[in-house]
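Trainee: A predicted structure for the sequence below; I have some questions about it.
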Amino acid sequence: MTTTRRDFLKVTALVGGGLTLGVSLPGAVSVAQAAGTLHTPNAWVHIADDNTITLISARSEMGQGVYTSMPMLIAEELGVDIRKIKVEIAPVGEVYTNALLGGQLTGGSTSVRDGWEKLRVAGAQVRTMLVTAAAQKWNVDAATLKAADGKVTGPGGRKATYGELADAASKLPVPKDVVLKDPKDFKIIGKPTKRLDTPRKVNGTAVFGIDVKLPGMVYASLEQCPVIGGKVVSFDASKAKAMPGVIDVVQIRDGVAVVADSYWRAKKAREALTVTWDEGAGAAIDNASMMDGIRNAKDAPTPIKKTGDADAAMKSAAKTMQAEYWSPLLAHATMEPQNFTADYKDGKCLVIGPAQFQQGTQGNVAAAVGLKPEDVTVQTTFLGGGFGRRLEYDFAVQAAQISKAVGKPVKLLWSREDDTTHDFYRPMAFHRMAAGLDAAGKPVALTFQLTSQSVTQRAFGLPKGTLDPFMAEAAVVGYDIPNMTQELIEHDSGLRVGYWRSVSHALNAFANESFIDELAAAAGKDPYQYRLALLDKQPRFANVLKIAASKAGWGKPLAKGRSRGIALMEGYDTYMAQVAEISVKDNEITVHKMWVAADLGRMVNPDTVEAQIESSIAFGLSSVLGSEITLDKGRVQQTNFHDYPVIRMSQMPRIDVTLVKSTEKPGGIGEPATALVGPAVANALFAATGKRVRKLPLSPDNIKSA
């Protein structure tokens, strides 16, 4: 993508004094140009006349703190006060590709990992160009100059602000090699920092998708088939059209939209529609048939990893064990229901809203309304929760189709019921586990087989039989077991599925860490000590395990009625252990406290890291204690928070977080804690009741029937 500086500034709403400096970064398609045109940068620094610096962020802000952590990386190398950094979201461009995911998207706990070097290099390049510009202006050696606090200073008290030097600096070539700060000299990175977006969210100036307003905008409410994938056969809109405020009723690919002068009027008129549906093949889906299909799947297994000869070791083992684990369908349940605003006009389309995948949104909107991708402009707002749901673009496409049909700017709003019943759900998962123990109870063999649906195959057309890496996450344990086989079976259950916070880590960690606990019990060993004995070759694993156990007082007497469980996992290059302390009454679990030890390498903002862990535990506990999506005749049975519960304040445990100081490369933190909650609580439940519940959620019904 190549665009003029003027066009770029219009798109990013940064028109005004000052200049934008393009920076070339590792992995860029080609070297960025500092003047003339903006060509293939991965990040941009805009220096305004008032000497403020704006980072053009390629990552969406959905609560995880990238509007703070990304500027911190730039500010450290550029030598500016973080509070003087502003952030704007990038337009769509291949140059903003997340190298860890292969697209311009936010997810997979990758923002800091992808930006760690790129954005520091960006800051260092701009700093070097500013210093060079000052050296040329004053005819002095650049080595005698210093860039800090938004200005360049030199011999004889000379000084110039970055804004004063930006014009000259923009005409210089972008340096290919720059020297990055030694971490021992960091003044910003690694220091707890208050979030830059908090003031806007507190005073109400932060714009979420649901806040967007355009001149002449109307509102739409969309009636979709109760069976996902069903199509309209016919509809009667006579009653709806006669209701106050209704502007039009239009049919699009996914259903029938009522357009009115307010959302409430559109929603009420939608209730007056009469629609006949072709429900399609999805009408035959229910939970029982899905489970039968998964259990009896004949699809050929795809190998993940093989170490030694597990089959042979199993035959000679002193004892063998087997277990099966189930994880249910789950919805994302973002607090901000799905919405998007679209304005189709004169062969162009503007779409504004909460997007995690800008390229996907642009391309699919373009295809749906018959435009070229470059004729679709995507503006990303703050996201009121993402969790993977906003990697999809169905609601953006719908808004664009409705806008084209009525010839007006349209805000499409889904109700909570629309959202719950028309999600891209986390797949149902079935694990077959087996192990062989020696005479001392130590595992000599372990086999792992996951059967589930591939989100990647559905979303990106991954060829059948190709290993989906997003199904294999946390499948291979870090324990020293000499003979292991891990494999997966891709089985399409017929329901559309999507990436859900922590993706397959949550599925696979539940099976692996519950089963390891079972092995410890069979060996008559303490579950903490049993794990630790298998980690001689894994110091980072062993360290977080020891810390979590120590902080929780593992082995010390507990209050009456309390029990603890422990779990361990590596995910997103982060090593984490959790201990859960619970009590059980009438088959209902109360989680009193969670201890977390996390080694995620170097941290950018420890304050955000701790907040992410806490939010991940809250999100994970919702699914562990009661959330579940079920189907009957193709219809999702849950509709709102009354029957798809999320954790309440009264249910939230105390959380003790220990962050390991490390010089390793940064790991991701937005998701791993979500994955470990399940096995930690399930293992505590076993300690409390002697019941091994192998099916999530850990609801009273599932506990009772275990």
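Mentor: Sure thing, it's come through.

Trainee: Stretch 251-261: end-to-end distance?
Mentor: 18 Å (C-alpha to C-alpha, to the nearest Å).

Trainee: swap in stretch 184-193?
Mentor: 18 Å.

Trainee: can you offset everything so residue one is 51?
Mentor: Fine by me, first position is 51 from now on; the one you just mentioned is stretch 234-243.

Trainee: which outside residues touch it?
Mentor: 118, 122-123, 125-126, 132, 233, 652-658 (C-beta atoms under 8 Å, 6 or more residues apart in numbering). (Glycine included, C-beta is placed from N, CA and C.)

Trainee: Select the helix or strand of this protein having the lowest average pLDDT value.
Mentor: Least confident element among the helices and strands of the chain, by mean pLDDT, DSSP states H and E: strand 87-89 (a mean of 23).

Trainee: quick revisit: of the contacts of stretch 234-243, which is the most crowded?
Mentor: Compared across the contacts of stretch 234-243, residue 654 has the highest neighbour count, 28 neighbours, by other C-beta atoms under 10 Å.

Trainee: which residue ranges form the helices in the stretch 201-350 of the chain?
Mentor: 212-220, 248-253, 288-291, 313-320, 337-345 (DSSP state H, counting those that start in this stretch).

Trainee: May I see those arranged in TSV, with distance to residue 742 as well?
Mentor: As requested, the helices of the stretch 201-350 of the chain are exported to TSV (distance: least, C-beta to C-beta, whole Å):
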stretch	distance to residue 742
helix 212-220	62
helix 248-253	43
helix 288-291	53
helix 313-320	46
helix 337-345	19
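
Trainee: Closest one of the contacts of stretch 234-243 to residue 614?
Mentor: The closest of those to residue 614 turns out to be residue 656 (C-beta to C-beta; 26.2 Å).

Trainee: Which residue is the nearest non-sequential neighbour of the closest one?
Mentor: residue 242 (5.1 Å; C-beta to C-beta, 6 or more residues apart in numbering).

Trainee: looking only at pLDDT, what's the mean for the strand or helix carrying residue 668?
Mentor: Applying DSSP states H and E as the criterion places residue 668 in helix 656-675. Helix 656-675 shows a mean pLDDT of 97.

Trainee: buried set for it?
Mentor: For helix 656-675, a neighbour-count test (16 or more other C-beta atoms under 10 Å) marks 656, 658-675 as buried.

Trainee: Tell me which of the helices of the stretch 201-350 of the chain sits nearest to residue 136.
Mentor: The nearest among the helices of the stretch 201-350 of the chain, by C-beta to C-beta, is helix 248-253 at 10.8 Å.

Trainee: looking just at contacts, which helices and strands does the closest one meet?
Mentor: Of the remaining helices and strands, none touches helix 248-253 by 3 or more C-beta pairs under 8 Å, 6 or more residues apart in numbering; DSSP states H and E.

Trainee: Just the residues contacting that helix, thanks.
Mentor: 256, 432.

Trainee: residues in contact with the residue nearest the centre of the chain?
Mentor: Nearest to the geometric centre of the chain sits residue 157, at 3.6 Å (C-alpha atoms, centre = their mean). By C-beta under 8 Å, 6+ apart, the contact list for residue 157 reads 151, 406-407, 436, 438, 441, 549.

Trainee: give me that answer again for 6 Å
Mentor: Contacts here follow C-beta atoms under 6 Å, 6 or more residues apart in numbering; on that basis residue 157 touches 406, 441.

Trainee: before we move on, the earlier item: quick check: which helices or strands does the helix holding residue 668 pack against?
Mentor: With contacts defined as 3 or more C-beta pairs under 6 Å, 6 or more residues apart in numbering; DSSP states H and E, helix 656-675 has these neighbours: strand 704-709, helix 722-739.

Trainee: tell me the angle that helix makes with helix 722-739.
Mentor: 50 degrees (axes from the mean of the first three to the mean of the last three C-alpha atoms, to 10 degrees).

Trainee: just how off-centre is helix 656-675 within its chain?
Mentor: 13 Å (C-alpha atoms, centre = their mean, to the nearest Å).

Trainee: hmm, who's touching that helix?
Mentor: Under C-beta under 6 Å, 6+ apart, the answer for helix 656-675 is 115, 242, 380, 551, 644, 646, 653, 696-697, 705, 707, 709, 719-720, 723-724, 727-728, 731, 747-748.
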